[in-house]
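In: What shape does this take:
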Amino acid sequence: MTTQTDRVDHELIQAAAHVAATRCRGDNHTMAAAARARDGRIVTAVNAYHFTGGPCAELVVIGTAAAQGAYDLETIVAVGDRDRGVVPPCGRCRQVLLDYFPALNVIVGASDSLRTVSITNLLPESYIWADHQLDAE
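Out: Residues are numbered from 1 along each chain as shown. I've put the predicted structure just below:
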């Protein structure tokens, strides 16, 4: 069963697209992400590409949000530079997003088929890190 919400946050997509168009320059920054916090704020960030595995834009937006006091993210989207549109999160990002925000919604799909899905639907049969930690006694 796939749970999908009908509502796509177009303002969030536009925020990420604007950052991708205005801040992504060269090979170091090629993706932008935008996330909506529970209080309605939009937080944006770009990736920091590096051949050793620099962080994706989705991961940078987690830290940026925390630095701004936004700890409860509800929806996230990533957009590629050079008008590539919405790009789904990679496997590493899916796992981290699930661990930080198990109720997070993610906007995915091509421009003519955008949809919002739960992070759990992007990572079915997932390993939930918190479920496997030993209690500190």
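In: okay, now the closest residue to Thr64 other than its chain neighbours: neighbour count?
Out: In this structure, Thr64 finds its nearest non-sequential neighbour in Ala45, 4.6 Å apart by Cβ to Cβ, 6 or more residues apart in numbering. Any C-beta I mention is one placed from the backbone N, CA and C, and that applies to glycine too. Ala45 is flanked by 26 other residues according to other Cβ atoms under 10 Å.
In: Quick check: beta-bridge partners of Ala45?
Out: Here Ala45 shows beta-bridge partners Ala33, assigned using DSSP bridges.
In: Run through the residues that contact it.
Out: 19, 32-33, 57, 60-61, 63-64 (Cβ atoms under 8 Å, 6 or more residues apart in numbering).
In: how about a cut-off of 6 Å?
Out: Taking Cβ atoms under 6 Å, 6 or more residues apart in numbering as the contact definition, Ala45 lies against 33, 57, 60-61, 64.
In: Now Gly91: closest residue in space that isn't a chain neighbour?
Out: That would be Leu123: by Cβ to Cβ, 6+ apart, it lies 8.0 Å from Gly91.
In: Would you check that that neighbour makes contact with Arg94?
Out: Yes - contact status for Leu123 versus Arg94: in contact at 4.5 Å, counting by Cβ atoms under 6 Å.
In: ok, and the closest non-adjacent residue to Asp99?
Out: For Asp99, the nearest residue in space outside its immediate sequence neighbours is Trp129; the separation is 4.7 Å by Cβ to Cβ, 6+ apart.
In: in this protein, which ranges drop under the pLDDT threshold?
Out: In the predicted model, the chain carries pLDDT under 70 at residues 1-6, 135-137.
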